[in-house]
Every structure is written in structure tokens, then in C-alpha cells.
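A.B. asks: next input, structure requested:
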Amino acid sequence: MNNKVIILEQLKKNYYLGKVTVEALRGLSFTIESGEFVSIMGPSGSGKSTLMHIIGCLDYPTSGKYFLAGQDVTQLNDSQLALFRNQKIGFVFQQFNLLPRISNLKNVELPLIYSGVPTKKREIMARNTLEEVGLGNRIKHRPSEISGGQRQRVAIARALVNNPSIILADEPTGNLDSKTGLDIMRMIQKLHGGGNTIILVTHEPDIAHFAKRIIYLKDGLIDRDEVIV
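C.D. replies: Below is the predicted model of the structure:
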């Protein structure tokens with residue numbers, strides 16, 4: 001499969017609400033190369049979140065194929081999918097999704113716990129990753145004791161700590177002021193420069209244009225797929 005880290009073939013996702021069938025994705029096909037930076041845009045209800053959940057191995061498609069790093073993930077059971085997801089993908093969410101009662105260090109350690117990394121080693125790895133995102137002096141603070149931009153940096157550190165090849169960012173600047181949002185996007189750009197494959201979901205055109213390619217969705221289909229020159 002050459003350098004294609006993501007391959008989607010006629011991907012469909014239906015939701016069944018009583019007797020009503022909602023077609024969230026209606027047959028998407030595209031590929032993403034290793035090391036690409038791709039934004040996914042579209043109006044509310046276009047299928048962005050559904051697509052992100054499937055790419056992130058958080059949900060299964062109704063039909064079609066999804067190959068991630070050469071593995072047909074539609075054939076994996078829930079436990080296999082969770083393990084594969086933890087090894088390959090780091091997530092950054094709009095709501096940060098940090099646990100409020102534990103320190104930033106412990107939040108960043110969480111993916112390493114799921115991976116079975118020993119206590120001492122995971123503390124060192126989490127500490128080093130927090131230092132990489134400029135929060136080495138905030139490791140003992142809780143999320144409620146730092147700013148929104150700093151919380152998103154903790155979330156990025158958590159996404160990076162397992163050294164995943166793919167970063168999925170779902171509206172990562174949505175809860176931030178414009179200046180802090182730009183700071184976060186520069187950090188994501190830097191991750192891309194370091195070799196990570198970045199997939200960004202956003203409704204903000206200026207944020208989407210940090211990517212090198214934008215896929216526009218409409219009514220569960222690809223409306224257009226543009227390379228940014």
C-alpha cells in the first residue's frame with residue numbers, strides 16, 4: 001500500500017433512529033499519505049464528526065473498507081481496535097477531555113497506563129513530553145489551575161506521549177481565543193514538520209488553511225478535495 005497510511009473505500013455509516021435511517025456517510029473514498037497535513041471541513045451535519053470517529057477507530061462503518069497503516073480495521077474486534085488505536089493515533093479534542101482531579105503529569109500518563117508502561121518509565125516519558133510543549137513548570141498543577149491554551153498543550157502532550165504516527169485534532173482551537181488558537185496551530189504545524197500525519201477537523205477556514213490539503217464534506221459525501229499551494 002505504498003506510503004498511504006489511510007485508505008477509505010466506499011465508506012458508509014448509517015444511524016437507525018426507530019424506523020428512520022440517517023445516512024451520515026454515503027460512500028467516501030480517499031487516501032491520506034504518511035506525513036500529510038489534511039483538514040476536513042463542512043457544515044453541521046455534513047459527516048465530519050462521524051468520519052473522524054471512524055478514522056480514529058472509535059466507531060465502525062456500516063459498510064466499506066478502512067485500512068490504517070496497512071491493517072483493515074473493519075475486521076478488528078473492540079479490544080483489538082482499542083489496542084491498535086492506542087498504538088497508532090493521538091487525539092486532541094475541542095473540550096480538552098482532561099481529568100480535572102489529577103495533575104497534568106498524571107493526565108499525560110494515561111495512554112501509557114493503557115499500554116502497560118511501568119510506573120517509573122511512564123512518569124519520565126510524560127514529564128519529557130510536557131517539557132516539549134513548554135509546560136515543564138506546570139506538571140504538578142491540575143487542569144483547572146492553568147489557562148485554556150495550557151490545557152490544550154497538556155492535551156497535545158497526552159496525544160504525543162505514545163509517539164503515535166497520526167494526530168487527529170477535532171476543533172482543537174474551538175474553545176480558545178484567536179491568539180491562543182494560532183499558538184496551538186503553530187504547535188500542530190511543528191508536529192507536522194517533525195513527521196506526524198495530521199488530520200484536523202474544523203469549521204474555521206483560517207485554521208483549515210494551516211493544512212496542505214482540505215477535504216470538504218457535504219451531506220455525507222466529498223464535495224471537493226483541494227491541495228493548498
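
A.B. asks: and the helix or strand harbouring Leu182, what does it pack against?
C.D. replies: Assigned by DSSP states H and E, Leu182 belongs to helix 178-193. Other helices and strands packing on helix 178-193, by 3 or more C-beta pairs under 8 Å, 6 or more residues apart in numbering; DSSP states H and E, are helix 148-160, strand 166-170, strand 197-201. The way it works is simple: take the backbone N, C-alpha and C, and place the C-beta from them, glycine included.

A.B. asks: now render these as TSV, adding mean pLDDT.
C.D. replies: Below are the helices and strands packed on helix 178-193 laid out as TSV (pLDDT from 0 to 100):
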stretch	mean pLDDT
helix 148-160	94
strand 166-170	94
strand 197-201	96
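
A.B. asks: residues contacting the helix holding Leu182, please?
C.D. replies: Under the contact criterion C-beta atoms under 8 Å, 6 or more residues apart in numbering, helix 178-193 has outside partners 35, 37, 92, 133, 147-149, 152-153, 156, 160, 167, 169, 172-173, 176, 198, 200, 207, 210.

A.B. asks: pull out the buried residues from those residues.
C.D. replies: 35, 37, 92, 133, 149, 152-153, 156, 160, 167, 169, 172-173, 176, 198, 200, 207, 210 (16 or more other C-beta atoms under 10 Å).

A.B. asks: tell me what the one helix or strand Leu130 maps to is packed against?
C.D. replies: Element membership for Leu130 (DSSP H and E) is helix 119-132. If contacts are counted by 3+ C-beta pairs under 8 Å, 6+ apart, helix 119-132 sits against helix 104-114, helix 148-160.

A.B. asks: of all those, which one is nearest Asp225?
C.D. replies: Of all these, it is helix 148-160 that lies closest to Asp225, at 25.3 Å by C-beta to C-beta.

A.B. asks: just name the shakiest helix or strand of the protein by mean pLDDT.
C.D. replies: One helix or strand of the chain scores below all others by mean pLDDT, DSSP states H and E: helix 78-88, with a mean of 88.

A.B. asks: next, the angle helix 104-114 makes with it.
C.D. replies: 130 degrees (axes from the mean of the first three to the mean of the last three C-alpha atoms, to 10 degrees).
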